[in-house]
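**Student:** Please find the sequence and the predicted model below.
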Amino acid sequence: MGIESSALKCTIVFACIVSACAGLHGAPDATAPKPAQKIPVIYDSDIGDDIDDTWALGFLLKCPELDLKLVVGDQGKALYRAKLFAKFLQRAGRTDVAVGMGLDIAPKGGGPQADWVKDYDLSGYGGTVHKDGVQAMIDMIMRSKTPITVIAVGPLPNVAEALKREPRIATKARFVGMHGSVRVGYGGNKKRISAEYNVRANPRACRKVLSAPWDVTITPLDTCGLVHLRDKKYQKVRQSSDPVASAIIENYRIWSKHKKANYFAKRSSTLFDTVAVYLAFRQDLCRMEDLGIRVDDKGYTRIDAKAKVMHVATAWKDMGAFEDLLVARLTRGAKRTKTRE
Ligand SMILES: [Ca+2]
C-alpha cells in the first residue's frame, strides 16, 4: 500500500467515524460535524438518460464528507449533459464546480430531461466549462495533492480514454462505480444475473477501467438495483423546498412525463447511482466483499478468482437506513445550502 492509499484510507476512516458519531441508523444528521478533510470527487455520469444520475448528483452535493470538484458528462450527448449539470449546479449555488464536456461521441442529441434545459445557455454558467472533460479529469487527478475519488455512474468511454492518455491516473485516484450484476439481476432477480446497462453499453471500456491498477469499489445491481423511495420518504423529498431537492423533483416530473411513467405521485424510480455516491464515503450499511470480477464481451460481470479484486457491495445490511440518510440529506433545507457564487 502506497502513501497515497494509506492517506485515503485514513480520510475514509475518519469520515466514517464522523458519520458514526452522528448516528448511523437514519437519524437526521443536521448536527454532524464536518470532517477535517473532505474527499475530493470527480463525478462522471450519463446524466439526462435515466433520472437516477440527477438524484445522485443532488445527494453528492449534500454530503459533507465529499468535495465535488468536477463533473463530466459521459456516453455522448455532450452539450445536453453539460447543460443539465450547469443548470443544476447553478440552482444548488455550486458554480465553484467545473463542468466538463464528455468525449465527442454523438455530441448532439437530447433526452427525457431536455425540457428542463431548453432555454439554458451554457455560456452563462458562472463557473468553468471544459470543452475537453477527459483532459480536465486527467489534469485534476495528476495535480491534486490529495487522492481524487472518481465516482462513475454510466458507461465508461471517458474514463477509459483518460486511462489511455495518462495511465498514471490509476496510481493517483480511486474508482467507485455503479456497474455490473454479480449474484442478483435487475429487479432483485436472484435466479439470473443481468448484463447491466453501464457495462453492456461498452464492455471494452468497462473492462479497461475495472482492471486498471487503482482501488476499485462497485455497487452492482445486487445493492443499487433495489433502492426506491416510497411513501413518506418519497413525499418528504417531493414536497421539500430545499433547492437541490426541488431541482431533482422538477427534473423527475419532466422525465416521468417523457417516459410516460405513471408513478411520479407515489415513488421514485430505481435510484441506482445514489449508492455509488454513498460508497465513496461510507460502506457500513452494505455487506462488502472483495471479489475478483471479470467483464465479459456481452457485458456480464463474472466472479473470477483470477481477475482483478475489487470491493463489491453484494447485499444490504440496512437499506432502510440508507434511504433515511438519502432523504435527510436531500431535504436538509434551503437555509443550510451554502452559496458560493
Ligand atoms: Ca447513470
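**Tutor:** That came through fine. This is a predicted model, so every value here is computed, not measured.
**Student:** So which residues on the stretch 1-150 of the chain come close to the ion?
**Tutor:** The stretch 1-150 of the chain has residues 46, 53 near the ion, with proximity defined as CB under 5 Å from the ion. Backbone N, C-alpha and C define where each C-beta goes, glycine included.
**Student:** give me the number of residues near whichever residue of the stretch 1-150 of the chain sits closest to the ion?
**Tutor:** In the stretch 1-150 of the chain, the residue found nearest to the ion is D53; the distance is 4.3 Å by CB to the ion. Neighbour count of D53, defined by other CB atoms under 10 Å: 29.
**Student:** Show the contacting residues for the closest residue to it other than its chain neighbours.
**Tutor:** For D53, ignoring the flanking residues on the chain, the nearest one in space by CB to CB, 6 or more residues apart in numbering is I47 at 4.0 Å. Listed by CB atoms under 8 Å, 6 or more residues apart in numbering, the contact set of I47 reads 53-54, 57, 71, 73, 81, 84-85, 154.
**Student:** Secondary structure added to these, as TSV?
**Tutor:** Output for these, formatted as TSV (DSSP: H, G, I helix; E, B strand; the rest coil):
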residue	secondary structure
D53	helix
T54	helix
L57	helix
V71	strand
G73	strand
R81	helix
L84	helix
F85	helix
G154	coil
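**Student:** mind checking the SS state of the residue nearest to D53?
**Tutor:** Per three-state DSSP, I47 ends up coil.
**Student:** got it, and N198?
**Tutor:** Reduced to three states by three-state DSSP, N198 is helix.
**Student:** can I assume it is in contact with C206?
**Tutor:** Yes - with contacts counted by CB atoms under 8 Å, N198 reaches C206, the gap being 7.1 Å.
**Student:** what's the overlap in contacts for the two?
**Tutor:** Common neighbours of N198 and C206 (CB under 8 Å, 6+ apart) are 155-156, 179.
**Student:** For C224, state which of the residues you listed is nearest.
**Tutor:** Minimum distance to C224 across the shared contacts of N198 and C206 is 9.2 Å, recorded for H179 (CB to CB).
**Student:** State the distance from that closest one to P220.
**Tutor:** 7 Å (CB to CB, to the nearest Å).
**Student:** For G299, which non-adjacent residue is spatially closest?
**Tutor:** Nearest to G299 is R200, by CB to CB, 6+ apart, at 3.0 Å.
**Student:** again with K306
**Tutor:** That would be G292: by CB to CB, 6+ apart, it lies 6.3 Å from K306.
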